[in-house]
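**Q** Give me a model of this one.
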Amino acid sequence: MNTTGKITKTAIRDMLAVVDLAGERNSAKLAVNLASQIDSHLTGLALAYDPITPAYSMAAPIPTDFMVSAREQAIEDAKKAAAGFEEIANVAGVPVETRVSDVMVGDGFGGIIDHCKLCDLVVVGQDNPDQREPLREVLIEAVMFQAAVPTLLVPHAGPAEFTPDHAVIAWNGGSTAARAVRAALPLLSLSKKVTIAIIDDSRARSEIPGAEIATYLARHDLNVTVRKVPRASAGIAATVLGIADDEGGDWVVMGAFGHSRLREFILGGTTARMLKSMSLPVLMAH
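**A** Residues are numbered from 1 along each chain as shown. Reported below is the predicted structural model:
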């Protein structure tokens, strides 16, 4: 546990932030703040989306001038987003790199995955229902499941700075949750307190719930508390967020669940609900 009050370097040496095309860019601000705390290299990735034209059908060809104009606008929007990211970093005095990348129809985010797969952490903002980003949930799926990179998800109305002090871990004893904990260790090492939230599923067990994960984290010099709570009728995501609110948690760690379908992934119910209802930064890994 860091007891000096000073944040030191972590194993996170290379971060990538997906830059929102519009809005407050809360995730960009948090990524810049985190990079400054842990002295990590930070890249801002702005996306130029291939024009999506639901008004046209296969029976009616899309006018060439429309496609050219829409394409030019997408590139311009991405460049503006990259410039906005640089401005956020400049104000904070943090050196950053920016990239603009194409998102082509049918590509399956292959180009984005190439940018992400050699990063230690990817930062992505929650989709804002009042300022929607194209294909945001699909992008998050691709980063977590195909690039297999730990992903820090930032609520659109949440904090613009990352406070590591109190982490809340959603724990069910499964391998996915364990991978999320291991992925989170560089940031957990900065925490002053870790609360392990165990959702009571009413199953009889011979072992003490949470004993193994508590021991594991204690060996990493973390100050650990285990809290077992009944599952709320609203589901696991709501229960975990409720615990974080009750305990004064600053961020959440949980495994990301999905189901394979024709080489793609569909987010599991708990993961999808957490993405929609999160009020704190959530580090997920699969």
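
**Q** And the strands in the chain?
**A** Ranges of strands within the chain are 14-18, 41-49, 97-103, 121-125, 151-154, 166-171, 193-200, 224-230, 251-255, 258-261, 264-267, 282-285, based on DSSP state E.

**Q** Would you check how far apart Ala70 and Val91 are?
**A** Applying CB to CB, to the nearest Å, the value for Ala70 to Val91 is 32 Å. In this view, the C-beta of every residue, glycine as well, is placed from N, C-alpha and C.

**Q** Tell me which of the strands of the chain sits nearest to Lys79.
**A** Set against Lys79 and scored by CB to CB, the strands of the chain come closest in strand 97-103, at 6.0 Å.

**Q** From the contact counts, what lies against the closest one?
**A** Secondary-structure packing of strand 97-103 (3 or more CB pairs under 8 Å, 6 or more residues apart in numbering; DSSP states H and E): strand 41-49, helix 64-92, helix 110-116.

**Q** returning to what we had before: any chance of the strands of the chain in CSV, plus mean pLDDT and mean neighbour count?
**A** As requested, those are exported to CSV (pLDDT from 0 to 100; neighbours: other CB atoms under 10 Å):
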stretch, mean pLDDT, mean neighbour count
strand 14-18, 98, 25
strand 41-49, 96, 22
strand 97-103, 94, 16
strand 121-125, 98, 27
strand 151-154, 97, 26
strand 166-171, 96, 26
strand 193-200, 91, 20
strand 224-230, 90, 15
strand 251-255, 96, 26
strand 258-261, 52, 11
strand 264-267, 53, 18
strand 282-285, 96, 25
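
**Q** Dump those to a markdown table, plus distance to Phe145.
**A** Output for the strands of the chain, formatted as a markdown table (distance: least, CB to CB, whole Å):
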| stretch | distance to Phe145 |
| --- | --- |
| strand 14-18 | 15 |
| strand 41-49 | 18 |
| strand 97-103 | 17 |
| strand 121-125 | 12 |
| strand 151-154 | 10 |
| strand 166-171 | 18 |
| strand 193-200 | 23 |
| strand 224-230 | 29 |
| strand 251-255 | 12 |
| strand 258-261 | 6 |
| strand 264-267 | 4 |
| strand 282-285 | 10 |
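
**Q** For the nearest residue to Arg136 once chain neighbours are set aside, give its distance to Ser277.
**A** The shortest distance from Arg136 to any non-neighbouring residue, by CB to CB, 6 or more residues apart in numbering, is to Asp127 (4.0 Å). Distance from Asp127 to Ser277, counting by CB to CB: 12 Å.

**Q** Please identify which of those two sits among more neighbours.
**A** Counting neighbours by other CB atoms under 10 Å for Asp127 and for Ser277 shows that Asp127 has the greater number, 18 against 15.

**Q** what does the model give that one for pLDDT?
**A** On pLDDT, Asp127 comes in at 91.

**Q** didn't it look like it was pressed against Val138?
**A** No: at 10.5 Å, Asp127 does not count as touching Val138 under the criterion of CB atoms under 8 Å.

**Q** so which of the helices and strands packed on strand 97-103 is the most packed in?
**A** strand 41-49 (a mean of 22; mean count of other CB atoms under 10 Å).

**Q** who does that one pair up with?
**A** strand 14-18 (parallel), strand 97-103 (parallel) (DSSP bridges).

**Q** what angle do the shortest one and helix 64-92 make?
**A** The reference is to strand 14-18. For strand 14-18 against helix 64-92, the angle by axes from the mean of the first three to the mean of the last three CA atoms, to 10 degrees is 130 degrees.

**Q** now do the longest one
**A** With the same axes, to 10 degrees as the criterion, the two stretches strand 97-103 and helix 64-92 enclose an angle of 160 degrees.

**Q** Quick one: distance of strand 97-103 to the chain centre.
**A** 18 Å (CA atoms, centre = their mean, to the nearest Å).
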